[in-house]
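Enquirer: one predicted model, sequence on top.
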Amino acid sequence: MARIKPVRRLPFTREMMPSDQAPLLRDYRSAAWEALQELPLPTAKDEAWRRTSLAGFDFSALQVANGKLGKKVPAIPSTAILGPDLLAGKPHAVLQASGIEIKGTSHLEKEGVIFCSLTEAAREHPRLLEKILGKIVSPQEGVFAAAAGAFSQQGIFLYIPEGVTVEEPIFGLAITPGGKTAHFFQTVIYLEESSSAIYLQETLSLEERDEASLSGENLEIHIGPNARLQIAELQNYGKEVWSFGHKKARVERDGYLEWEIGALGSGLSKHFVSVDLIGAGAETRVSGSFFTDGKQHLTYNTLQRHLAPRTTSDLIFKGALKGSSHTVWRGMIYVAEGAQFVDGYQANRNLVLDPAARSDSIPGLEILNNEVRCTHGSTVGKIDEEQLFYLLSRGIPPKEAEQLIIQGFFHDTISRFSLPEIGESFWDKIKERLLG
Amino acid sequence: MSELVIKNLHVNVEDIEISKGIDLTIKSGEIHAVMGPNGTGKSTLAYALMGHPKYKVIKGEATLDGVDLLSLAPNERSTLGLFLAFQYPVAVPGVSVANFLRTAINAHRKYLDPEDKGISIPEFRKLLKDKMALLQMDESFAGRYLNDGFSGGEKKRVEILQMATLEPKFSILDETDSGLDIDALKIVADGVNAISSEDQGVLVITHYQRILNYIKPDFVHVMLNGRIVESGGPELALQLEEDGYEWLRERHAA
């Protein structure tokens, strides 16, 4: 194995930033670039990165994926959960390093819905984009947030106008080219007052390539008063991809966010997921399901911030681990002073299926007033032997019995996926790997 | 006609010998009751026959129609026709009763015929509907998670529902009466009577005579200190109800 040259910073230069952008994007990227100059790569000394080591990843071998470096994929990879049959005829975006294609949106445009590339949004709707871009995920938050801000060639913008309910789901697919590239992209979603939408996004890479690659994404969500968003995010990268994400939502008065996260892939991934409940009565439910095997390392840092009274949050992450994989969940509920009558819940449950697999589960609470109810739970355990024996005693063979228990374990989070067929496909992917 | 034969069975739990040489033969169509005070090894016999990993058979044999049960995995024992209705069935959250039963039925079918494609959905629905009606169970049961939040009576009924759908050759009912009020007990017992036939043998494990008013045994055995010390007809159970176990303890004082 070639010796890896340690680097303190991401080895990318200003020249790798996208050019020919609208002024809004240009200013945003410049600010992100400036922020990046102040942000070295995290080490184990950084509290938020204590359990995730970036040593062993050859950053110096990477080049930023752009139109030239990222080959265009003619068809959606067969590994996709949001496959071509599902997307046919429905509003969807396919984002690649080389460009972005958006289809099936004409009927939505009549209602004032905007579903377009970030570039187009910056050109055609700067006033709207300005309200959110970089305002929810600040480039200063971390090196990968800054890098995604500075180097994103492509992004998706979804805007739902006031009072508009879009019942049909809208899909997004972000395909990372892999092959020693660093692919950065952004998703920006803005729901005006009393609007409603369902958005499902999958991130994936081209079928198995050996060379390590990086994917960095920022996701910014604004939910206006009394608006409602159901978002499902599926992480389905190949294991050569190291994935970094800064994902954050802001929910205004009486708004509701249902956030479903499913993660299967990547060699290493580190994602920050947070929800700011900024208006009274705002509510969120966040569900995560992940499965790891081999040497995968997955970390989720979740944050539920109650910044207004009578806000409710309910978060549960469930993981099953095989091989010598390692997962980390670090949760935090923060309740601000003056945010009274808050109800917050966080839980993380892990099923460790092999002796070498390891799961760290670290809940946290920071509460600055009394009128709150906040609870948390975290468990790391093996398959229950009595459950297993019970199923065996009914004639079910050991492998199938284990599978049934694992399916049951994931049932409450997977059944929350906005579309049942997505939950089923997600489970099928886990099943394949349990049998393999 | 089938035969479950247990010979000189010795079972250890955590290196302590609990069963100390049990001999028992059950034929199809027969109902046997094993009675005895708590802690004499009745449930140990049940678990050991089913193959629970904590119950180690150190000596003796158990065969079903001549096939050595003890060398088989629990799931193979089940597919061969052995069934255990648990005293404390565990909950399996997230797995519905219907999904579980269908998986079990298909496992049995596949064992008999590796090419089997599994029971069809309509066929399964009909089967489940019929068996649930037999046990006076509401259809909504099928969609509930297996034993999750079930009352004691509901759990026992679901055990009998499994017995009814899997149609074993031999069923062991381990303290099925415990925790049941008289109405629930009657429903469970009626269920057992409705499904037991000339083709099935039943072993009822209990320390109360009560259940035997509803499930009438052909043979009654008394277990003390890991051994069957007395066998007889239904009148033995009645005598125990009257006189308790003391006279047997005295007679068989080691």
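Expert: Cool, got the structure. Quantities reported herein were computed from a predicted structural model and do not represent experimental measurements.
Enquirer: so where's chain B shaky on pLDDT?
Expert: Within chain B, the segments meeting pLDDT under 70 span B:254.
Enquirer: same check on the stretch 1-150 of chain A?
Expert: The stretch 1-150 of chain A contains residues with pLDDT under 70 at A:1-3, A:68-72.
Enquirer: where exactly do the strands run in it?
Expert: A:63-64, A:92-96, A:99-103, A:114-117 (DSSP state E, counting those that start in this stretch).
Enquirer: out of those strands, flag the one nearest residue B:32.
Expert: Comparing the strands of the stretch 1-150 of chain A against residue B:32 with C-beta to C-beta, the closest turns out to be strand A:92-96 (65.2 Å). C-beta here means a position set from N, CA and C on the backbone, and glycine is covered the same way.
Enquirer: buried ones in the closest one?
Expert: Taking 16 or more other C-beta atoms under 10 Å in any protein chain shown as the basis for neighbour counts, the residues of strand A:92-96 that come out buried are A:92, A:93, A:94, A:95, A:96.
Enquirer: which SS state does residue A:427 fall under?
Expert: helix (DSSP: H, G, I helix; E, B strand; the rest coil).
Enquirer: can you list the residues of chain A near chain B?
Expert: Taking C-beta under 8 Å from any C-beta of the partner chain as the measure of proximity, chain A contacts chain B at A:384-387, A:389-398, A:400-401, A:404-405, A:407-412.
Enquirer: now list the buried members of those.
Expert: A:387, A:389-397, A:400-401, A:404-405, A:407-412.
Enquirer: where does the stretch 1-150 of chain B come near chain A, residue by residue?
Expert: Taking C-beta under 8 Å from any C-beta as the criterion, the stretch 1-150 of chain B approaches chain A at residues B:50-53, B:73-75, B:77-79, B:83-84, B:86, B:89-90, B:92-95, B:99-100, B:103-104, B:107-108, B:111, B:145-146.
Enquirer: if you set the cut-off to 7 Å instead, what comes out?
Expert: Contact residues, the stretch 1-150 of chain B versus chain A (C-beta under 7 Å from any C-beta of the partner chain): B:50, B:52, B:73-75, B:78-79, B:84, B:86, B:89-90, B:92-95, B:100, B:103-104, B:107-108, B:111.
Enquirer: restricted to helices, list the residues you listed.
Expert: Using DSSP state H, the members of those that fall in helices are B:50, B:74, B:75, B:78, B:79, B:100, B:103, B:104, B:107, B:108, B:111.
Enquirer: okay, those residues in a markdown table with distance to residue A:304 and neighbour count next?
Expert: Compiled in a markdown table, these are given as follows (distance: C-beta to C-beta, whole Å; neighbours: other C-beta atoms under 10 Å in any protein chain shown):
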| residue | distance to residue A:304 | neighbour count |
| --- | --- | --- |
| B:50 | 46 | 22 |
| B:74 | 43 | 28 |
| B:75 | 43 | 24 |
| B:78 | 45 | 26 |
| B:79 | 48 | 23 |
| B:100 | 35 | 23 |
| B:103 | 37 | 22 |
| B:104 | 40 | 24 |
| B:107 | 42 | 23 |
| B:108 | 47 | 23 |
| B:111 | 48 | 16 |
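Enquirer: let me know the closest of these to residue A:331.
Expert: Proximity of these to residue A:331 was ranked by C-beta to C-beta; the top entry is residue B:100 with 31.8 Å.
Enquirer: give the burial count for the closest residue to that closest one other than its chain neighbours, as a bare number.
Expert: For residue B:100, ignoring the flanking residues on the chain, the nearest one in space by C-beta to C-beta, 6 or more residues apart in numbering or on different chains is residue B:146 at 5.1 Å. Counted by other C-beta atoms under 10 Å in any protein chain shown, the residues lying close to residue B:146 total 26.
Enquirer: quick check: the residue nearest the centre of chain B vs chain A, distance?
Expert: For chain B, the residue nearest the mean C-alpha position is residue B:172 (2.0 Å; C-alpha atoms, centre = their mean). Noted for residue B:172: a distance of 10 Å to chain A, by C-beta to the nearest C-beta, to the nearest Å.
Enquirer: dig out what that residue forms beta bridges with.
Expert: residue B:84, residue B:203 (DSSP bridges).
Enquirer: so who does it touch?
Expert: Residues in contact with residue B:172, defined by C-beta atoms under 7 Å, 6 or more residues apart in numbering or on different chains, are B:46, B:49, B:83, B:84, B:85, B:203, B:205.
Enquirer: go again using 6 Å as the cut-off
Expert: B:46, B:84, B:203 (C-beta atoms under 6 Å, 6 or more residues apart in numbering or on different chains).
Enquirer: what's around the residue in the stretch 51-200 of chain B that chain A sits nearest to, how many residues?
Expert: Nearest residue of the stretch 51-200 of chain B to chain A (C-beta to the nearest C-beta) works out as residue B:94 at 3.0 Å. When neighbours are counted by other C-beta under 10 Å, residue B:94 registers 21.
Enquirer: ok, it - contacts?
Expert: Residue B:94 makes contact with A:408, A:411, B:145 under the criterion C-beta under 6 Å, 6+ apart.
Enquirer: so which of those are in strands?
Expert: Judged by DSSP state E, these include no members of strands.
Enquirer: all the helices of the chain, residue numbers only.
Expert: In the absence of a named chain, chain A is used. Under the criterion DSSP H, chain A carries helices at the ranges A:23-37, A:84-87, A:106-109, A:118-124, A:126-130, A:143-151, A:385-392, A:398-414, A:420-435.
Enquirer: um, chain B though
Expert: Taking DSSP H to define them, one finds helices in chain B at B:42-50, B:74-80, B:97-112, B:121-134, B:152-166, B:182-195, B:234-243, B:246-251.
Enquirer: of the contacts of residue B:94, which is the nearest to residue B:58?
Expert: Proximity of these to residue B:58 was ranked by C-beta to C-beta; the top entry is residue A:408 with 34.7 Å.
Enquirer: without its sequence neighbours, what residue ends up closest to that closest one?
Expert: Taking C-beta to C-beta, 6+ apart as the measure, residue A:408 lies nearest to residue B:94, with 3.1 Å between them; neighbours along the chain are not counted.
Enquirer: returning to what we had before: residue A:231 is nearest to which of the helices of chain A?
Expert: Minimum separation from residue A:231 across the helices of chain A (C-beta to C-beta) falls at helix A:420-435, 11.9 Å.
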